[in-house]
Every structure is written in C-alpha cells, then in structure tokens.
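Undergrad: Generate a structure from the sequence data that follows.
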Amino acid sequence: MIPVLIGVTIVISSIVYLSPGNPAQIALGQNANPEAIAQLEREMGLNQPPHVRYLDWLAGAAQGDLGTSIRSGRPVSVIIGERLPATLELTVASMMLTLIIALPLGVISAVRQFSWVDTFSMVFAIFWISMPSFWLALMLILLFSVQWGLFPISGRTTPLLTTAWLSSLVLPAVANGTRRAGLLTRMTRSSTLEILNEDYIRTARGKGIGERAVIYTHAMKNAMIPIITLIGLQVPLLFSGSVIIEKVFAWPGMGRLLVNAVMHRDYPVVQGTVLVYAVIVIIANLAVDAAYSYFDPRIQYD
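TA: Model prediction:
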C-alpha cells in the first residue's frame, strides 16, 4: 500500500507542477503587478523547485497535514472532511444499486440461458454499458426533474435518512451506478454459467438436491471470486464517475471539489483529494483480497 500511495503522490504532483497557470496570478487577478505576484509566490512556496515542494508536502501529509488551500486559505484536511461524507454516500448508494440490479439479473440470466429473460438482461447490460454517465445524468434531470418534477434538480439535502435526503440521492446514484450494473450483470452471468457446467453441480442435481439450493449454496459461492474481483475494480470507476456526476448534479462532494480545485490551480486541494481517493481505493482492494478467503477457503494469507 505504501509504495502505491507514494507512486500516486509522485504522479499527481508531477502533473500539477507541470500544468500551465500560475496560482498566485490567478489569486491576485490578471491585472496584478509582478512584484505582488512574486511576493505571493514566495509566501506560497511556489518559488521552490518542484522536488522540494513535493517533499515538503509529503512530509506534512505523512503527519496528517495536507497543506492549506490557495483559494480559501483553509486547511485542506478540513475541506476534505466536509466533502467526504457526501461522496461516500453517493458511492455506497451507487454500489448498492449496482449489486441489487446486477447480481439477481445475472444469476437468472444464467439459469434461464437463451430464454427471453436472458435476452432481456443482455440487452439491458449492453445498453447501459454503452450509455455515457454524463449524458444519462442530463436525461434524468430533463425527465424526472424538469418535466415530471419527481426529484430535485441538484444539490444534497440534509439531515440524513429522510425522504428529502433520499430523493436528492436517487438521480445521482442511478446515473453513477447503472453503467456499472450492466458490466457486472455480464460478468455474473458468465461466471455462473461456467460453474453450472461443472461436474459437482450435475452430481448435486443427481442426488436430488433442490434447484434453489444447488444455485445459491453450491454454485454462487464458487462463482463469486471473479464477481468480487470486478466489484473491487468498480470502486475506482465509481469514484472517477462521481467527479462528473457531482458536477452535473451540484452534489457537494469531493469530485466537485476536485474539479473546482483544478480550474483554480489550487494545488494542495488537488493533491490532498487525489491522495484520499487513492487511500479509499487501496482499502477497497484490500477488502476484496480478504473476501477471497471467505468465498474460497483454499485461498489463505499466511
């Protein structure tokens, strides 16, 4: 985990430092005099070589100090702490929607191979895989918010676990989760079909075990390894998708924060936000590795 995080910080810091634009000039405006710009650059540490700036930032990040926002002057860790819950809400809701749609549909499609259910599920999967998330978000706003007035157009409502909060979460979660549901449906169908053709499944059926028990007790547990792998790969995709979805729906999460920070060359916010994203993705993949040993006892981590 540590080498991956260091690699992520090196890459994002290099991109940030090499990107065009001067944060000091952006902060002071286009008509600022060069002396004032130079003074602000010294105060921000922008006059230091890139490797010195990176090492100073990394030393602070290792102690929990992600720096200070150039734009607002507030600690980056405080800004991220305010935005992180909204992003986690959207990501968890999107993942739950993906699993609720994909797992049952993929299993039913495999069990009833070549039936109308199978055909419908594959058309569903290909349709949503081909659908750009940002275009879907705009269409959802046009239909369900502008035309029918069923859900809010944008924003996040508080407090949590209320009808208003849920209604504000529905459209962003659908826009962010359905595309992943299509991909996971195809993987679930493929993995389940492969297991259903194994000898031990035919033996279980020959012993008179009920079809439901064969599928959910014997087949699904063994089919879950590639499905769990794909779920782990969906986590960074959900976070990357949330960057656009949060901007479209004005959702006050880290994705919207990242876009605004890039636009204003707020380097510490960009570095801190990407670092938090990387930590969450790494933890999710670690959880996937741990889940392997539960679904397949032959996999052990000694």
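
Undergrad: what's Asn47 in contact with, if anything?
TA: 38, 41 (C-beta atoms under 8 Å, 6 or more residues apart in numbering). Every C-beta, even on glycine, is put in place using the N, C-alpha and C of the backbone.

Undergrad: how about a cut-off of 6 Å?
TA: Shown in contact with Asn47 (C-beta atoms under 6 Å, 6 or more residues apart in numbering): Glu41.

Undergrad: May I have the phi/psi pair for it?
TA: With angles defined as degrees, to the nearest 10, Asn47 sits at phi -80, psi -10.

Undergrad: can you check the one 10 residues further on too?
TA: Listed backbone geometry of Trp57 is phi -70, psi -40, with angles given as degrees, to the nearest 10.

Undergrad: Next one: it relative to Thr217, how far apart?
TA: 52 Å (C-beta to C-beta, to the nearest Å).

Undergrad: More neighbours: these two, which one.
TA: Trp57 (22 against 12; other C-beta atoms under 10 Å).

Undergrad: Hmm, Gly241 is touching Ser133, no?
TA: Yes - the pair Gly241 and Ser133 qualifies as a contact (C-beta atoms under 6 Å) at a distance of 5.2 Å.

Undergrad: Could you tell me what pLDDT the model assigned to Ile101?
TA: Reading off the confidence values, Ile101 has pLDDT 90.

Undergrad: quick one: contacts for it?
TA: Ala181.

Undergrad: Which elements pack onto the helix or strand bottoming out on mean pLDDT in the chain?
TA: Within the chain, no helix or strand scores below helix 23-28, which has a mean of 72 by mean pLDDT, DSSP states H and E. With contacts taken as 3 or more C-beta pairs under 6 Å, 6 or more residues apart in numbering; DSSP states H and E, helix 23-28 sits against helix 34-44.

Undergrad: who touches the helix it packs on?
TA: With C-beta under 6 Å, 6+ apart, helix 34-44 has contacts from 24-25, 28, 47.

Undergrad: Just flag the most distant two among those residues.
TA: Pairwise distances among these were taken by C-beta to C-beta; the largest, 15.2 Å, belongs to Leu28 and Asn47.

Undergrad: So for the host helix or strand of Ser293, what gets flagged as buried?
TA: Taking DSSP states H and E as the definition, Ser293 sits inside helix 267-295. Buried residues in helix 267-295, defined by neighbour count with 16 or more other C-beta atoms under 10 Å: 267-278, 280-282, 284-285, 288, 291-292.

Undergrad: Kindly report the same for stretch 108-128.
TA: Within stretch 108-128, the residues that qualify as buried are 108-111, 118, 121-122, 124-125, 128, counting by 16+ other C-beta under 10 Å.
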